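[1] any chance you can model this:
(2 chains)
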Amino acid sequence: MSTTPRIPAELAAGFTMLGNGDPTPAARIAIPIELTRLSGIPIASEGSILLDPVVHECIRLFNAKYQGCEYCMNARQAIAVQAGLNEDIVNQLTRFETSALPDKIKAALRITSAIASAPKMVTPEVLDEARRFYTEQEVIDIVLLSVITTGSKVAITLGVDPGKAASSRVFYPTDPVYGNSAELQRAIDEFQNKGFQVRGEVIPVSALV
Amino acid sequence: MSNIRNLPPAPTELDQVWGTRPGFYAVFMEDYNRSIARIDAPLLELCRLRMATLLGSEFELGLRYEAAAAAGLTEAKIDALGGYVKSPLFTERERQCIAFTELFVIQSSSIGDDDVTRVQAVLDAEEFIYFVKALSVMDQFQRSCVAFGIRLGSELPATLTGFRAVEAVAA
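    Residues are numbered from 1 along each chain as shown, chains lettered A, B, ... in the order given. Just a heads-up that it's a prediction; the model follows:
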């Protein structure tokens, strides 16, 4: 783990980022795996948040960096990478306002950044700017995703962030960590039918540069 | 609705906005209600309201957690929350947990080992785990409500089990 556990080892041992049903206190407080799916992680599926995969991943990674989650910030979603996410984009997320990122991504990150720091800064003007690029539902989804991806605060505060060594690779939607719900499987099939690679060999993040 | 437009009708503004993603709404609120129920109710309520003040959530400040009142938390004590550091109304346990809540809200990644040690002097390890999880779900929910500009209406969302409006408490 990248951080020193702040809870006894016997409790830290049960920790998982996503819920797996174990009865330990640390496992009980993990993010419900169905909530992760409904957040559009690893991919959009039935009833989930639905955003462009690159925008989705930018929001997730912005929050990962803001919160300081080593595990989250060193993971890359395979579909987002195939849809155009690259390390040049990732490296500009923290200082997005002065970056060369497209205005569309900046508009989303303005919401994400405000929610992370001071949600009162999500003003009508900020939302109107986002409306230049997104539907009203997408604006709602940006807020919900921005909120839910602050969940790594728990792992960081408890000192049980699994760390860079546990991620640092591309995560395919078929990765066991996401579970095997019927909804996710149908979404995987759809992405595969569209020509996306949904499984494959391990690709380290360093190879994406 | 302050910030979101063209929403379908629903009993409350919260339902209107979060209800556009009904599955997400249901699962999140289940996790939320389950998580806050694990914490001593008066302690949770003090931390929730302190968080709401810091985040500027009028929605949250207009609610009261019924279990906290049932366990003896008074409006007088809630009114004194701004002075919790020195007020004799607060126990050391409450002071440490409220202070920790402030750190969690402001910048959780800056929470140091000393900060954790102080709160772990008043909560055992298991309580501490559940306390952090409760802070997280409250933090997420409050940030969303502020961002969406969600207001309390005459009816409370059915998903917020165990809460009532402040006016109902005062009546």
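
[2] number of nearby residues for A:Ala182?
    9 (other C-beta atoms under 10 Å in any protein chain shown). Every C-beta, even on glycine, is put in place using the N, C-alpha and C of the backbone.

[3] equivalent analysis for A:Gly84, please.
    There are 11 residues near A:Gly84, going by other C-beta under 10 Å.

[4] please name the nearest non-neighbouring residue to it.
    A:Val54 (5.2 Å; C-beta to C-beta, 6 or more residues apart in numbering or on different chains).

[5] which other helices and strands contact the helix or strand hosting that neighbour?
    A:Val54 is located in helix A:53-67, with elements delineated by DSSP states H and E. Helix A:53-67 is packed against helix A:70-73, strand A:75-77, helix A:78-82, helix A:87-91, helix A:103-117, helix A:136-148, helix A:152-158, with contacts defined by 3 or more C-beta pairs under 8 Å, 6 or more residues apart in numbering or on different chains; DSSP states H and E.

[6] residue contacts, A:Ser45?
    A:Arg37, A:Glu183, A:Leu184, A:Arg186, A:Ala187 (C-beta atoms under 8 Å, 6 or more residues apart in numbering or on different chains).

[7] can you rerun that using 7 Å?
    By C-beta atoms under 7 Å, 6 or more residues apart in numbering or on different chains, the contact set of A:Ser45 is A:Arg37, A:Glu183, A:Leu184, A:Ala187.

[8] Provide a ChimeraX selection command restricted to the buried entries of those.
    In ChimeraX, a selection of the buried entries from the contacts of A:Ser45 looks like this (16 or more other C-beta atoms under 10 Å in any protein chain shown):
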select /A:37,183,184,187
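
[9] any idea which of the contacts of A:Ser45 is closest to B:Asp40?
    A:Arg37 (32.2 Å; C-beta to C-beta).

[10] the closest one and A:Tyr66, how far apart?
    Distance of A:Arg37 to A:Tyr66, given as C-beta to C-beta, to the nearest Å: 23 Å.

[11] about what we covered before: quick check, pLDDT for the residue nearest to A:Gly84.
    pLDDT recorded at A:Val54 is 98.

[12] now residue 103: closest residue in space that isn't a chain neighbour?
    By default, I'm working from chain A. Using C-beta to C-beta, 6+ apart and skipping the chain neighbours, the partner closest in space to A:Asp103 is A:Phe133 (7.2 Å).

[13] was after chain B, sorry
    Once flanking residues are discounted, B:Leu103 sits nearest to B:Ile111: 5.1 Å by C-beta to C-beta, 6+ apart.

[14] contacts only, for that neighbour.
    Going by C-beta under 7 Å, 6+ apart, B:Ile111 touches A:Thr157, B:Leu103, B:Phe104.

[15] JSON lines for those, including pLDDT?
    Below are the contacts of B:Ile111 laid out as JSON lines (pLDDT from 0 to 100):
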{"residue": "A:Thr157", "pLDDT": "94"}
{"residue": "B:Leu103", "pLDDT": "97"}
{"residue": "B:Phe104", "pLDDT": "97"}
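
[16] of all those, which comes closest to B:Ala134?
    The closest of those, once distances to B:Ala134 are taken by C-beta to C-beta, is B:Phe104, at 10.2 Å.
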